[in-house]
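[1] got a predicted structure plus its sequence, pasted below:
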2 protein chains.
Amino acid sequence: MSDAAPIIRKLAIIGGGLIGSSVALAARDNGAAAEIIIADSNAANLAKARELGLADGYHGTALSAVEGADLVILAVPVGAMPGVAADIASGLKAGTIVSDVGSVKSSVLKSLSPLVPAGVHLIPGHPVAGTEQSGPEAGFASLFDGRWCILTPPENVDAVALEALSAFWTKLGSKVDIMTADHHDLVLAITSHVPHLIAYNIVGTANDLETVTRSEVIKYSAGGFRDFTRIAASDPTMWRDVFLNNKDAVLEMLGRFSEDLTALQRAIRWGDGDALFDLFTHTRDIRKRIIDAGQDDDAPDFGRPHDS
Amino acid sequence: MSDAAPIIRKLAIIGGGLIGSSVALAARDNGAAAEIIIADSNAANLAKARELGLADGYHGTALSAVEGADLVILAVPVGAMPGVAADIASGLKAGTIVSDVGSVKSSVLKSLSPLVPAGVHLIPGHPVAGTEQSGPEAGFASLFDGRWCILTPPENVDAVALEALSAFWTKLGSKVDIMTADHHDLVLAITSHVPHLIAYNIVGTANDLETVTRSEVIKYSAGGFRDFTRIAASDPTMWRDVFLNNKDAVLEMLGRFSEDLTALQRAIRWGDGDALFDLFTHTRDIRKRIIDAGQDDDAPDFGRPHDS
């Protein structure tokens, strides 16, 4: 697919954070775009991006950055996207593809559709990849290697534009899937949004205990707790916007999680060891399938260094 | 501390799983014991331990393994410990230290105390270290490096025996803490037991969905879900026993977790972005403190390989 793909002539990335800077680095490394522009309204981030040499051009405003761009990728928190889309509308040429990297897709499709001028192709996207870190210095070119990028085009999408955007992400190392925005939001609610929420939640619970000191929580975190602190260290603004913009799917999945947890709680209270053992045996298999699918490494303990 | 420590002459490890085999390897590497015996009632595990050369002697029964031992470490699931303690009682010489590596301590102290003969020193212990893997081949010598080992002696503990056991774990690379069994169980409920329970739970929830296929859960697990599958792949028997034997503390911490989660759910339903943002900002700091304390690595994404 990537061989047949047209190179994007001019790529404008709005937002130079972890994902935006990684898109810039991956696009250059893989020859996916001839010219790469980064815009960031945060002067410090923009200066950092320039210092790192992430792009060919740097702009403090999105409008000037998109001039003549063939592909515009919004890499800002979901809540900031409508504002950016309104800012750039007058600068978009016919035939330009406008996409994004937000973790929620229905609200992006709904809010951006009326803002994108006729002749411009809106195709929301979501590379399912990242780390807990933020900012231009957190980005790296191989972030998307072997990870899935989900595109959620509107029903009347232009087939050529969709093919071009798919080819772009394939060149960056991603595997591309296409689904409706609503289905994306349901799938990511369970594979990403609720896991982040319960990680944030247990770290908060541990932080508020009176009977266990905070230093004890830190010292003995290797018992499992520390795993949760990684995703609970993710960008607060991004994740606030995810939950505000995928409310229905998150509440649905959270309801199921809580039901199941109540059943487990009951099994513990009544000493139902078989119920616990059955679940714990079942879940082991899913880990194996994720590793077999190449979606995680098989090194024990995430390959954490275990030598002093 | 480790310089002043007496070498254990004869160490008997009952149970050659991940922890038992790691204790054997660490004890040999660090010169903490002159002679190392492993007992395992599972013939396949024992043969594997022998094949790996983990010890100096191998026994199919715990009773024969403890003969002449100065330190006996029970490395079997918490539920199996009373049976083992009863089996070995007649073979323990006066002055021997009997300890364990169980993740729960009150029930171990209560159930083993009446089974340990007079003149034998019972000092329960818990090295807060491990991986999601099981069996003799999963063990490695550096597992305890820089991790905490918690000892929960009875009130009337022999000071010399306690010092000897502390010195043993220090030689294995651990930092040693001493606290009551009850406090240990409360601390580990939040730093280990409840995190494991909610990880098992969300993997189970994801596995039971009708609206999202299992292959979608696997494919898009890099969004956060895969992190939870690691500890949800831990040994089912061990963890069943943990929850059955630390019921009160787990239910207490689980109650607090659920209260907090309900509040978050409400904040999402009513669009209270500030409440979400405040928590998400707060939790980021805990990750930093765990890394500063040397209890996790600061590599992004747990240092997972990110090059194709």
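    Arrived safely.
[2] for the rest of this, base every contact and every neighbour count on C-alpha atoms.
    Noted.
[3] is the longest helix seen in chain A up against chain B anywhere?
    In chain A, assigned by DSSP state H, the helix with the most residues is helix A:247-269. Yes. Helix A:247-269 is in contact with chain B by C-alpha under 8 Å from any C-alpha of the partner chain, via A:247, A:251, A:254, A:256-258, A:260-261, A:264-265, A:268-269.
[4] which residue does the stretch 101-250 of chain A bring closest to chain B?
    A:Ala233 (4.0 Å; C-alpha to the nearest C-alpha).
[5] quick one: contacts for that residue?
    By C-alpha atoms under 8 Å, 6 or more residues apart in numbering or on different chains, A:Ala233 lies in contact with A:132-133, B:280-281, B:283-285, B:287.
[6] all strands for chain A, in order.
    Along chain A, counting by DSSP state E, strands occupy A:8-14, A:33-39, A:57-59, A:71-74, A:97-100, A:121-122, A:125-127, A:148-151, A:175-178.
[7] which one is A:Pro77 nearest to, not counting chain neighbours?
    With C-alpha to C-alpha, 6 or more residues apart in numbering or on different chains as the criterion, A:Pro77 has its nearest non-adjacent residue at 4.9 Å, and that residue is A:Met238.
[8] could you count how many residues lie near the one you found?
    A:Met238 sits with 18 neighbouring residues when counted by other C-alpha atoms under 10 Å in any protein chain shown.
[9] count of neighbours near the residue nearest to A:Gly119 when sequence neighbours are not counted?
    Leaving aside its sequence neighbours, A:Gly119 sits nearest to A:Ala94 (C-alpha to C-alpha, 6+ apart; 4.8 Å). Counted with other C-alpha under 10 Å, the neighbours of A:Ala94 add up to 13.
[10] what sits against A:Ala94?
    Contacts for A:Ala94 (C-alpha under 8 Å, 6+ apart) come out as A:118-120.
[11] just the buried ones from these?
    Buried members of the contacts of A:Ala94, counted by 16 or more other C-alpha atoms under 10 Å in any protein chain shown: A:Val120.
[12] a markdown table for the contacts of A:Ala94, including pLDDT and distance to A:Ser64?
    Compiled in a markdown table, the contacts of A:Ala94 are given as follows (pLDDT from 0 to 100; distance: C-alpha to C-alpha, whole Å):
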| residue | pLDDT | distance to A:Ser64 |
| --- | --- | --- |
| A:Ala118 | 96 | 20 |
| A:Gly119 | 96 | 19 |
| A:Val120 | 98 | 17 |
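[13] narrow the contacts of A:Ala94 to those in helices?
    Among those, DSSP H puts none in helices.
[14] so where's the stretch 201-308 of chain A uncertain?
    Applying pLDDT under 70 to the stretch 201-308 of chain A picks out residues A:307-308.
[15] JSON lines for the strands of chain A, including distance to B:Ala86, mean neighbour count and mean pLDDT?
    JSON lines is the format used below for the strands of chain A (distance: least, C-alpha to C-alpha, whole Å; neighbours: other C-alpha atoms under 10 Å in any protein chain shown; pLDDT from 0 to 100):
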{"stretch": "strand A:8-14", "distance to B:Ala86": "68", "mean neighbour count": "25", "mean pLDDT": "97"}
{"stretch": "strand A:33-39", "distance to B:Ala86": "70", "mean neighbour count": "23", "mean pLDDT": "97"}
{"stretch": "strand A:57-59", "distance to B:Ala86": "73", "mean neighbour count": "19", "mean pLDDT": "98"}
{"stretch": "strand A:71-74", "distance to B:Ala86": "66", "mean neighbour count": "25", "mean pLDDT": "98"}
{"stretch": "strand A:97-100", "distance to B:Ala86": "64", "mean neighbour count": "25", "mean pLDDT": "98"}
{"stretch": "strand A:121-122", "distance to B:Ala86": "71", "mean neighbour count": "25", "mean pLDDT": "98"}
{"stretch": "strand A:125-127", "distance to B:Ala86": "57", "mean neighbour count": "25", "mean pLDDT": "98"}
{"stretch": "strand A:148-151", "distance to B:Ala86": "54", "mean neighbour count": "25", "mean pLDDT": "98"}
{"stretch": "strand A:175-178", "distance to B:Ala86": "57", "mean neighbour count": "17", "mean pLDDT": "98"}
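[16] any chance of those strands in JSON lines, with distance to chain B too?
    JSON lines is the format used below for these (distance: least, C-alpha to the nearest C-alpha, whole Å):
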{"stretch": "strand A:8-14", "distance to chain B": "22"}
{"stretch": "strand A:33-39", "distance to chain B": "20"}
{"stretch": "strand A:57-59", "distance to chain B": "26"}
{"stretch": "strand A:71-74", "distance to chain B": "19"}
{"stretch": "strand A:97-100", "distance to chain B": "16"}
{"stretch": "strand A:121-122", "distance to chain B": "23"}
{"stretch": "strand A:125-127", "distance to chain B": "9"}
{"stretch": "strand A:148-151", "distance to chain B": "7"}
{"stretch": "strand A:175-178", "distance to chain B": "10"}
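[17] for those, which one sits closest to B:Thr205?
    Of all the strands of chain A, strand A:148-151 sits nearest to B:Thr205, with 22.2 Å by C-alpha to C-alpha.
[18] from the contact counts, what lies against that closest one?
    If contacts are counted by 3 or more C-alpha pairs under 8 Å, 6 or more residues apart in numbering or on different chains; DSSP states H and E, strand A:148-151 sits against strand A:125-127, strand A:175-178.
[19] name every strand pairing with the last one and say which way it goes.
    Using DSSP bridges, the strands paired with strand A:175-178 are strand A:148-151 (parallel).
[20] how about the first one?
    When pairing is defined by DSSP bridges, strand A:125-127 lines up against strand A:148-151 (antiparallel).
[21] which residues does the partner strand contact?
    Contacts of strand A:148-151 (C-alpha under 8 Å, 6+ apart): A:123-129, A:166, A:169, A:174-179, A:184, B:219-220.
[22] all set, thanks.
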